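Visitor: Need the 3D shape of this:
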Amino acid sequence: MSDSHGKAAPGVDTAAVRERLVEAREAAATQIDALGRDIEAIVAANALTAVDDEHDPEGSSTAFERAHTAALLDQARERLAALDDALERLGQGAYGRCEGCGEPIAPERLAILPAAAFCIRCAEARGR
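Guide: Residues are numbered from 1 along each chain as shown. Below is the predicted model of the structure:
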């Protein structure tokens with residue numbers, strides 16, 4: 001590990017990064033709300049019908065739709081947690097530094113994944 005932990009990566013525009021993270025966080029929270037409503041609607045629709053998955057051609061597609069929506073909801077929750085972590089790192093002055101090796105995370109990576117906590121090398125080593 002490097003002794004550079006705890007220091008923001010060079011060239012980090014804190015205000016711009018905070019704005020971008022907050023916007024992404026709001027979008028993730030909105031998506032979580034919408035997906036939650038979608039799951040509630042799927043469950044409510046199933047409760048109104050007598051579902052016999054074995055003989056009902058809609059049964060399997062409804063199960064798939066529910067599983068797919070639940071997976072999207074889990075991903076959105078993970079993204080929200082990652083954005084919260086990134087905002088915390090920003091507040092601590094550690095944003096833009098890899099949590100694995102302490103080196104700066106490439107600006108191109110942060111542009112694509114603003115909540116990235118690991119550089120590409122460390123992310124690949126972790127299997128992410």
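Visitor: Which positions within the helix or strand bottoming out on mean pLDDT in the chain qualify as buried?
Guide: Least confident element among the helices and strands of the chain, by mean pLDDT, DSSP states H and E: helix 57-92 (a mean of 91). For helix 57-92, a neighbour-count test (16 or more other CB atoms under 10 Å) marks 62, 65-66, 69, 72-73, 76, 79-80, 82-83, 86-87, 89-90 as buried. In this view, the C-beta of every residue, glycine as well, is placed from N, C-alpha and C.
Visitor: which among those gets closest to T14?
Guide: Nearest to T14 among the buried residues of helix 57-92 is L90, at 6.4 Å by CB to CB.
Visitor: wouldn't that closest one be in contact with V17 here?
Guide: Yes - if you go by CB atoms under 8 Å, L90 and V17 touch, sitting 5.9 Å apart.
Visitor: Residues in contact with stretch 71-82: which ones?
Guide: Residues outside stretch 71-82 that contact it (CB atoms under 8 Å, 6 or more residues apart in numbering): A24, R25, A28, A29, Q31, I32, L35, G36, I39, A115, A117.
Visitor: from the residues you listed, which two are the most distant?
Guide: Farthest apart among the contacts of stretch 71-82 by CB to CB are I39 and A117. That separation is 28.5 Å.
Visitor: Looking at the two, which has the bigger crowd around it?
Guide: A117 (21 against 16; other CB atoms under 10 Å).
Visitor: Regarding the closest residue to that one other than its chain neighbours, what is its secondary structure?
Guide: Excluding its sequence neighbours, the residue lying closest to A117 (CB to CB, 6 or more residues apart in numbering) is E99, at 4.7 Å. With DSSP: H, G, I helix; E, B strand; the rest coil as the basis, E99 sits in coil.
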